[in-house]
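**Q** sequence first, then the predicted structure:
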Amino acid sequence: MDTILLPKPAQWVLAVLPRHEQKELLLACIAQLALGGSVLVLDGGMLFNTYRVVMAAHGQTRILNRIRFARAFTCYQMVALLERTPAEEACVVALDLLSTFQDENVPAEERMRLLKNCLPDLARLSRARGGLVSVGLPAGMPPGSQPLFDLLAGEAAQVYERPVPVPSEKTVRLF
């Protein structure tokens, strides 16, 4: 696991990863964070998979008992979830946060306003043990999502981007 993903108190880290790596790396990171105390997982992209966390925790129930989980399906639900979550001695992990803000039925200005409303709550929830927010790669986001990404990246204490491997040039033989 990359230690760069481990947040510090009063800060949150933005992890920019392809979706499949969010599943693998961040679920292992959640298990690692639970070794040190409570973890609150807010899932915006339907990435949380209990089985994978159990595997990463090697079946240790004491670790699993430290993880609480909530899911949001829309940007409005994510804002409400962040606003209503009380601050506690827990590390907050927001999985694929921007996926809830990509609803084309919500005007772009409204999505930006709602994301701005999330930022103070992310900071509040990150005070005790820090926070980790994941998003997909900007190149894979729908048009109009770049300003949302830029806002998040500008507010994060650290932005972690896994280098994307460049495919080697191989000659593909068709026959």
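**A** Looks like it arrived, so ask away.

**Q** quick check: mean pLDDT of stretch 88-96?
**A** Averaged over stretch 88-96, pLDDT sits at 92.

**Q** for it, the distance to its chain's centre please.
**A** Stretch 88-96 sits 9 Å away from the centroid of its parent chain (Cα atoms, centre = their mean, to the nearest Å).

**Q** just stretch 118-129 next, same as before
**A** 13 Å.

**Q** quick one: residues in contact with it.
**A** Outside stretch 118-129, the residues that touch it by Cβ atoms under 8 Å, 6 or more residues apart in numbering are 7, 9-12, 33, 36-38, 40, 78-79, 82-83, 85, 87-92, 94, 97, 131, 133, 151, 155. For every residue, glycine as well, the C-beta is placed using N, CA and C.

**Q** from the residues you listed, which land in helices?
**A** The helices, defined by DSSP state H, take in 33, 78, 79, 82, 83, 151, 155 from these.

**Q** returning to what we had before: if any of the contacts of stretch 118-129 are buried, give me the PyMOL selection for them.
**A** To isolate the buried subset of the contacts of stretch 118-129 in PyMOL, counting by 16 or more other Cβ atoms under 10 Å, use the following:
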select buried, resi 7+12+33+38+40+78+79+82+85+90+91+92+94+97+131+133+151+155
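
**Q** in strands, which of the contacts of stretch 118-129 appear?
**A** Those of the contacts of stretch 118-129 mapping onto strands are 12, 38, 40, 90, 91, 92, 94, 131, 133, per DSSP state E.
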